[in-house]
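# Model the following, please.
(one chain, ligands or ions: 1)
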Amino acid sequence: MQIHVEVVIEGQRERQRIATIQRSSDLAAVDGLGLTLAESKDLLERLQATLVREHAADLVAANSSCGGCAQPLARKGASSIVYRTAFGKLSLRCPRLYSQCRCGARHCGGESFNPLAMHLAQRTHPELLYLQARWASAMSYERAAKLLGDVLPLGAAPGSSSIKAHVRAAGQALATEAEEHGEHFFAQQPLKFPDSPTEPAAHVLELDAAYVRAIPERCGGRSTFGIVTGRLIKPEGASGWHAYVIDETINSLTQLHGFLDRQGVALDTPMAIITDGGADVGTPTILPWRPVQVILDWFHISMRFEHILQRLRGLCNSAPKPSAMLLRYAESAKWRLWHGRADGSLKRLRAIQLRSEGALLVHVTELISYLNNNSSRLVNYGKRYRAGLPVSTSTAESAVESVIGDRFKKNRKMRWTHKGANALLHIRVADLNGELEEALKRRHWKRPRAANDDYLDWFDLDAWEAAA
Ligand SMILES: [Zn+2]
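The predicted structure is shown next:
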């Protein structure tokens, strides 16, 4: 038995046969009923080739005449464009046309132009780019290339170095977009510092930092570098993710405002920012323009208490009497801090400090100075907790876990450059925020231009529109 697959192109009299599928009734000769994976890939590749060629020819035809006199522009020659899709890589032959019409109108700058190349900002279909970006943000470039090779037709799957280059470029474009969005915000707003919200804020931003392994020779000799991750929790339960490499980011505040803006958080919305107060990683702890309450992460406080409590429990075995009393003091200090009574907590910690030595003394002294340095960020944690509001960044769904995942984990062998990690982080958060596919599509076509408007080559229409 044979099945011929033909396509009918509107306006053309001849059908085009794109494939013939054969089957015999010999049971030993076939694996099962229906298409094999290889046949389906082959079929899609052929169909895609026909579709892309026809679509490109249509675009060329629609953009080959003069906008002034409607006559076809004179042909100078031909050139080729390589276009990658999820169903195959195609070389598209296109005419080159003279930019200047006989009537005197100019179609664009330069002597000649390719009408297809003029509109294509990318030579990779956005869906193929999306697959590459999505997979490469969760696994190594090599593994992504291998898995894409399994599912895409032969020749459609890009190699790992090509994926790396594509994903890197897409991620950098997202990072630039994010930066520009933030700058646009700053250009519009006169500086102000609204009062902190008086009630516990329902919009919560958890900010945390992490370190990833660096390629020392490309990162100023350092073996790690810092990244900031954030998770926005909205009252309705939805989350938005945010991340960047500190060394690749000029202004973390512009990034943060741009992110909150894209997430639809109005400027006067009261917000709580939960952070561990780590100045070493540069998490922003003040946020001009927005009514913000900065909260010291309860997880980090409780970890420090835990060191002290553990040591005291150990001491209870060797010197039960004084240690049991100090243990009660420490438990009471933690309880008071939880209920927003920082003064009482510190009083008890100082009492322990006076009666301790060695490692215990170090832990207690560190905790006291940690709490003193962050005194304005201590809140009534119990009250927030009972209201169902977060008090810690270290949850199962934490930003660090969700954004970094396995891809950047420190125990993996993978090493990063600032640029490479920053690009991939922007891909990762765009994907988590459900914005990745749309963002890649947005960049596929260049802005359509009317004929005889070559001034648009240098004229910045966005700036003009913004100013007008
Ligand atoms: Zn003309």
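# Can you tell me the SS state at the residue in the stretch 151-300 of the chain that the ion sits nearest to?
In the stretch 151-300 of the chain, no residue comes nearer to the ion than residue 173, which is 35.6 Å away by Cβ to the ion. To be clear about C-beta, it is placed using only N, CA and C from the backbone, and glycine gets the same treatment. Following DSSP: H, G, I helix; E, B strand; the rest coil, residue 173 is assigned to helix.
# Now residue 99: closest residue in space, sequence neighbours ignored.
Among residues not flanking residue 99 along the chain, residue 107 sits closest, at 4.7 Å (Cβ to Cβ, 6 or more residues apart in numbering).
# Please report the distance of residue 4 from residue 423.
46 Å (Cβ to Cβ, to the nearest Å).
# So for these two, which residue has more residues nearby?
Between residue 4 and residue 423, counted using other Cβ atoms under 10 Å, the more crowded position is residue 423 (25 against 10).
# Please name the nearest non-neighbouring residue to that one.
In this structure, residue 423 finds its nearest non-sequential neighbour in residue 171, 2.8 Å apart by Cβ to Cβ, 6+ apart.
# before we move on, what about residue 105?
residue 68 is the one closest to residue 105 (Cβ to Cβ, 6+ apart), at 3.4 Å.
# Quick check, that neighbour in contact with residue 102.
No. Assessed by Cβ atoms under 8 Å, residue 68 is found out of contact with residue 102, at 9.9 Å.
# the more surrounded of these two?
residue 68 (15 against 12).
# So for that one, what's the pLDDT?
On pLDDT, residue 68 comes in at 86.
# Can I take it that it is in a helix?
No. Counting by three-state DSSP, residue 68 is not part of a helix but coil.
# gap between it and residue 167?
Here residue 68 is placed at a distance of 42 Å from residue 167 (Cβ to Cβ).
# same question, residue 128
According to Cβ to Cβ, residue 128 and residue 167 sit 11 Å apart.
# Then residue 333?
Residue 333 sits at a distance of 49 Å from residue 167 (criterion: Cβ to Cβ).
# same deal with residue 131?
As judged by Cβ to Cβ, residue 131 and residue 167 stand 10 Å apart.
# same check, this time on residue 74
Using Cβ to Cβ, one obtains 41 Å as the distance from residue 74 to residue 167.
# Which of those two has more residues huddled nearby?
Neighbours were counted for residue 74 and for residue 167 using other Cβ under 10 Å; residue 167 has more, 24 against 13.
# secondary structure class for the more buried one?
Classified using three-state DSSP, residue 167 is helix.
# Hmm, it is touching residue 425, no?
No. Residue 167 is not in contact with residue 425 according to Cβ under 8 Å; the separation is 11.6 Å.
# At the contact with the ion, which residues of this structure appear?
Counting by Cβ under 5 Å from the ion, the chain comes close to the ion at 66, 68-69, 101, 103, 105.
# Can you flag the buried ones in the residues you listed?
Among the residues of the chain next to the ion, those scoring as buried are 66, 101, 105 (criterion: 16 or more other Cβ atoms under 10 Å).
# Verify the contact between the last one and residue 65 for me.
No. Look at residue 105 against residue 65 with Cβ under 8 Å: they stay out of range, at 10.6 Å.
# contacting residues for the closest residue to residue 191 other than its chain neighbours?
Distance criterion Cβ to Cβ, 6+ apart; nearest residue to residue 191, sequence neighbours excluded, is residue 288 at 5.9 Å. Contacts for residue 288 were tallied using Cβ atoms under 8 Å, 6 or more residues apart in numbering; they are 191-193, 253.
# can you list the weak-confidence ranges in the chain?
Within the chain, the ranges that satisfy pLDDT under 70 run 30, 277-285, 395-397, 410-412, 447-468.
# how about the helices in the stretch 301-450 of the chain?
320-338, 342-354, 358-373, 381-386, 399, 418-432, 436-442 (DSSP state H, counting those that start in this stretch).
# Residues touching stretch 144-164, excluding its own?
Outside stretch 144-164, the residues within contact range by Cβ under 8 Å, 6+ apart are 41-42, 44-45, 84-89, 128, 131-132, 135-136, 139-142, 166.
# In a strand, residue 78, correct?
Yes. Counting by three-state DSSP, residue 78 is found in a strand.
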